[in-house]
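Engineer: Have a look; sequence and predicted model below, questions after that.
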Amino acid sequence: MRTRIGAAAIPVALLLAGAALTGCEDDEGGGEPSAPLPGDRASATSRPADRPSGDPSGASTPRPVRGAPLRFLPVEREAPGACRGASPTSFTERSDTAGTSCLTVTPRESDGMTITGTAAAKASFDEYGSGWIVTVTLTDTDARRFGELSERLATRTPPTNRVAMIRDGRLLSAPAVTTAITGGKVQISGSFTQDTARRLAEDLGG
């Protein structure tokens, strides 16, 4: 199953990350594989960013991303099977439903974006049908940049409409974008368990 983004009734944009990932790792054979990821290929939604209740100015304070900055890079190619050979732009993606594939991301940092932290990232249970979800809130500046990035990706055909979320050399998720995500709040959903949703939220800065 592949993911996509669509508009919902409450000005919410939907970003689907594909069938739940069981694990992502870099393509270097000796690299340490990442822990299993939530969901069966997650989906994400974006809403207008909530203001932190303790800040009367409405400015959002970045929450440091654990270990390293968080990178959002467009996917250029997807091939079946694990990546072969060492490359800083190739990542092996494993999914319960879609199997194993090799994602190659753009090497041009200017085509994507890097953030030093998120305003918030948390796992919660959506009782209206999505199950466990991960909600990531970006700072105002990062929200504008992500809106521009998602708008560009939404015009592309699969798999080049996917955005790889990379931290510390690990692929955390690679959702597809079918509409611009504005407002800075992104909800990622899929076949998450409580533990896997919390793990992804922590990896994204929660």
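Structural biologist: Received it, and whenever you're ready, just let me know what you need. This structure is a prediction, so every number in the text was calculated from the model and none was measured.

Engineer: that's a helix at R152, yeah?
Structural biologist: Yes: assessed with DSSP: H, G, I helix; E, B strand; the rest coil, R152 lies in a helix.

Engineer: per-residue pLDDT, it?
Structural biologist: Predicted confidence (pLDDT) for R152: 95.

Engineer: Distance-wise, check it relative to E202.
Structural biologist: From R152 across to E202, the span is 29 Å (C-beta to C-beta, to the nearest Å). In this view, the C-beta of every residue, glycine as well, is placed from N, C-alpha and C.

Engineer: ok, now I133?
Structural biologist: Taking C-beta to C-beta, one finds I133 at 15 Å from E202.

Engineer: Settle it for me: which of the two has more neighbours?
Structural biologist: Applying other C-beta atoms under 10 Å to I133 and E202 shows that I133 carries more neighbours, namely 24 against 15.

Engineer: strands paired with whatever helix or strand the more buried one lives in, and their directions?
Structural biologist: Per DSSP states H and E, I133 falls inside strand 131-137. Here strand 131-137 has these sheet partners by DSSP bridges: strand 120-126 (antiparallel), strand 184-189 (antiparallel).

Engineer: Tell me the buried residues in the longest one?
Structural biologist: Pointing back at strand 120-126 there. A120, A121, K122, A123 (16 or more other C-beta atoms under 10 Å).

Engineer: tell me which element the residue nearest to the last one when sequence neighbours are not counted is part of?
Structural biologist: If I follow you right, that is A123. Nearest non-adjacent residue to A123, counting by C-beta to C-beta, 6 or more residues apart in numbering: A197, 3.7 Å away. Using DSSP H and E, the element containing A197 is helix 194-203.

Engineer: and what of T92?
Structural biologist: strand 90-95.

Engineer: Output that strand in PDB with nothing but the alpha carbons.
Structural biologist: Extracted C-alpha coordinates of strand 90-95, given in PDB (Å, rounded to 0.1, in the frame of the first residue of the first chain):
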ATOM      1  CA  SER A  90      20.100   5.200  -0.500                       C
ATOM      2  CA  PHE A  91      18.000   3.600   2.300                       C
ATOM      3  CA  THR A  92      16.500   0.200   2.600                       C
ATOM      4  CA  GLU A  93      12.800   0.300   3.600                       C
ATOM      5  CA  ARG A  94      11.000  -2.800   5.000                       C
ATOM      6  CA  SER A  95       7.200  -3.000   5.100                       C
END
